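1. Got a predicted structure plus its sequence, pasted below:
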Amino acid sequence: MATTEVERRRGQLAALSIAAVVIIVGVPLWWRTTETYRAWLPVNQINELANLQLQLSADVEVVFARGTVTPEQQKKVPTQVVISLCLFCSSPLEADLSLHTLSESPCGSLVVYVIPESSTLLPEDVDVYIGQRRTALLRIEQLLAHLEPRIKQVLQVMSFSHTDITAALSDRVRLSPGNKESIADSMRAFKSSPGYEITFSLLNPDPKSHRVHWDIEGAVQTYIQPLLTKLAPLANFSIDSQTLYYAMLGVNPRYDSSRSAYTLNSDSLAHVINPVEARLGSNAASSNPVLNFLLYVPDAHHSPLHIHDHKKQEVLSNAFHSPRWGGIMVYNVNGFYGPEAVFPVDININMAKVMGVFLAQLRLLLGVQSSAPPPGFLVAPCSSTGLADWELDRLMWSRTVENVATATTTITSLAQLLDQIGNIVINDNIAQQVSSAVTSLQLAVAELEAGNLGFALQYSKEAILASERAFFDPSLLHLLYFPDDQKFAIYIPLFLPMCVPILLSLLKIVSEARQKRRERQAKKD
Amino acid sequence: IFFFYSIHLLHTADNAGQFFSSGHTNNWAVLVCTSRFWFNYRHVANTLSVYRSVKRLGIPDSHIVLMLADDMACNHRNPKPATVFSHKNMELNVYGDDVEVDYRGYEVTVENFLRVLTGRLPPSTPRSKRLLSDDRSNILIYLTGHGGNGFLKFQDSEEISNVELADAFEQMWQKRRYNELLFIIDTCQGASMYERFYSPNLMALASSQVGEDSLSHQPDLAIGVHLMDRYTFYLLEFLEDIHPASKTNMNDLFKVCPKSQCVSTPGHRTDLFLRDPGSVLITDFFGSVRKVEITMETINLTDPIKQVEQRKYSYVDQLPVSEIIHQKPKQKDWHPPDGFILGLWTLILLVFFKLYGMKHLKHIF
């Protein structure tokens, strides 16, 4: 009897110890080994970023010329009086140039020179002259009360306005209406990107008649490169060029006998691009957006070729552009040779004219706004680089805001995604990219508040690079959706054979103990 | 002066107006055939006929990601090599002269498909294998193959579920990788694949409802297999009538292949789409009609051209080769060898019963 008792005791002990090992050692071990590695992310800071409030400030220096303020007003308003201002210069352009010798204003700031009403510097109907650099000449009446709204108006033209900023945030606040023109601007211009590729292509459909030469290298160095060097803080640019022979436009132009020329009307322009695009190559190594500029020399049988707008009038530039793609210009060469010329004719293209058009298109496609200034404003003509300093500032403001908005959206959606899907592995490099993106964003917002546009743009670019790298890291693939029934199907054959004996033996122990207790109770009674 | 001003206003409003009819500036297409083996000829023919229509209507190869799981045109069993027909009696060869397949054969996997959609490709992936869409792109996604309730089978070895697809689209939306997306699926029980979508601006069409099978159209006795599926056959017929300037809208697309022709009931889903389907043109997704603006301003350049001195040319270092070569190998999850678990438990049980004898069996059970 004793042996069976001992054996039974031993059996119970074995069952209990197995159960103990399984629960105390096995379950935690299984939990740890099936855990996914998730590095720490600054979730609190990311949530703060989600409620980001952007504050933009621009430094404006107002300089009063002699004769604009009376001595009493001078005491009230903190001003800086210019001693000599070329009020008798013949044109505002000269005055502007002479003012540049005074000081160099940093990126993002403005200087407004207020000149008296009696000055003859500006023509009759013009109150404000906007210079090529960051200066403006403002003429007001004696009352200083009008000063503030006028300066606000100048700021809206030269720096940023509410509509510009809303348009820059257009992918976050898509559904709000806003100004239609600024939304059209945002659809036309390329999105902010760390680099762009520009390709110039010469299309010669008729090499038998025309042997076309273009000095593209020189033209790019002289005309395009200065603009791109000025835009260097915004993005990297890489330029290439090619010549395509026997490349036709996909549309047949119609002959207009009244003008004795072939015409392309505006409706058919939309179908020109697709057949040509298939033949344009692109630099396959980078994923940067490509801007294509095509110069089409019509063949001898279809010359001259003019583009007509909606009102059937000839377009002066003979060029058109497509949003987020590039531009096409038609260059007629029939004027260069007579009817008795020997084919093929050598033709040298006037690159200044061509680059004038391409430069204007490039400005539009890169986001330099083209809206007309308000009445009473006179804008200085374009400098040789093709971009005024204040236009660059405007572009930098909107790009910085766009970068900050995009980086914030990327980081917050990444955090949300990683939170929702518990099975994704978060490596250390992703966590590091996210942290650096968050830090750069915070710095960019601080610099925007302080008004340091250059630093703000730099930080926003770093933020965007880091956030894109983190979001698009190849290791974040969520091929890890495990529906519950699949999880059961995997674990049951592993754990059920083990758990059933343990559970049953535990139950048996419990029922025996209960029975013994009942017997003891019965014995007592 | 007032008159002049109002005309100017009209002109700019007109210009801005044409932008707002659809809101997109470029088009992309992702066309996927998920089945391999010769008897699934019809799935490759389906995908190639949509590819052909999309190219004909203007989308260039650089904007199409074509994934074909098997090569039917050069298959050993093809009696007419280098052709893939969509009509019996070999009327229409959809393979054509200039097919550009981006993912071929075993490269068509669920992982690659999701990587293309979400953009999480390794840095060495060439441009032609990427979906480089932006927030103003309209994307057409066409899937065909064998499917079931809530899943689509890839290569006869793995499957993608409707939840994963919906999550992928949500990630695309979060990163603003599309403006509007049209999703067409031609499989059995195709409607189950779009049930779980929850991102905005998605429109979906399927060839059959849950519980129904999509049927194939007609076999060709010379080739020996079914050439097309019914839904895509009638879709191709519908698309052949569309040209780049046509104004047909989506409501006509929903009527393609009614139950009398298709035997299954095609379904569609438009509740997530913001615009009214009647105002959406077919060419908004299947074609690539560009918006154009006349260039009004030019810049007057007066400087003479500088002479550029002759430079030595060298190849640009285009790829970070050192980074790619020294990448760490992908970590594969460790799995215990096959049969290990079974063997382990057998061993444990044998040892237990050997040690204590069979009579202990009654203590356990």
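-> Here it is on my side, so go on.

2. Neighbours of residue A:202, how many?
-> By the criterion of other Cβ atoms under 10 Å in any protein chain shown, residue A:202 has 22 neighbours. Where C-beta positions appear, they are placed from N, C-alpha and C, glycine not excepted.

3. Ignore what I typed, I meant residue B:216.
-> When neighbours are counted by other Cβ under 10 Å, residue B:216 registers 20.

4. do the same with the one 4 residues further on
-> The criterion is other Cβ under 10 Å. On that basis, residue B:220 has 19 neighbouring residues.

5. That one contacts residue B:92, doesn't it?
-> No: using Cβ atoms under 8 Å, residue B:220 makes no contact with residue B:92, being 11.8 Å away.

6. what residues are shared contacts of those two?
-> residue B:85 (Cβ atoms under 8 Å, 6 or more residues apart in numbering or on different chains).

7. Around chain A, which positions in the stretch 51-200 of chain B sit nearby?
-> By Cβ under 8 Å from any Cβ of the partner chain, the residues of the stretch 51-200 of chain B that approach chain A are B:58-62, B:110-111, B:114-115, B:118-122, B:126-128, B:130, B:132, B:134-136, B:161, B:163-164, B:167, B:171, B:174-176.

8. Just the buried residues out of those, in ChimeraX syntax.
-> Of those, the buried ones go into a single ChimeraX selection, burial set by 16 or more other Cβ atoms under 10 Å in any protein chain shown:
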select /B:58,59,60,61,62,110,114,115,118,119,120,121,128,132,134,135,136,161,164,167,171,174,175,176
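
9. the strands in the stretch 201-350 of chain A, which residues?
-> For the stretch 201-350 of chain A, the strands defined by DSSP state E, counting those that start in this stretch occupy A:210-213, A:236-245, A:254-256, A:261-264, A:290-296, A:305-307, A:319-322, A:326-330, A:345-348.

10. secondary structure element for residue B:221?
-> Residue B:221 belongs to no helix or strand when assigned by DSSP states H and E.

11. thinking again about what came up before, can you tell which of the strands of the stretch 201-350 of chain A is closest to residue A:415?
-> strand A:236-245 (29.3 Å; Cβ to Cβ).

12. Now the closest one: average pLDDT?
-> For strand A:236-245, mean pLDDT rounds to 92.

13. Within the sheet, what are the partner strands of it, with directions?
-> strand A:195-204 (parallel) (DSSP bridges).

14. buried ones in the strand it pairs with?
-> Here strand A:195-204 shows A:196, A:197, A:198, A:199, A:200, A:201, A:202, A:203, A:204 as buried, counting by 16+ other Cβ under 10 Å.

15. residues contacting the second one?
-> Contacts here follow Cβ under 8 Å, 6+ apart; on that basis residue A:197 touches A:237, A:238, A:239, A:240, A:282, A:283, A:286, A:288, A:289, A:290, A:291.

16. Try it again at 10 Å.
-> By Cβ atoms under 10 Å, 6 or more residues apart in numbering or on different chains, residue A:197 lies in contact with A:236-240, A:282-283, A:285-286, A:288-292.
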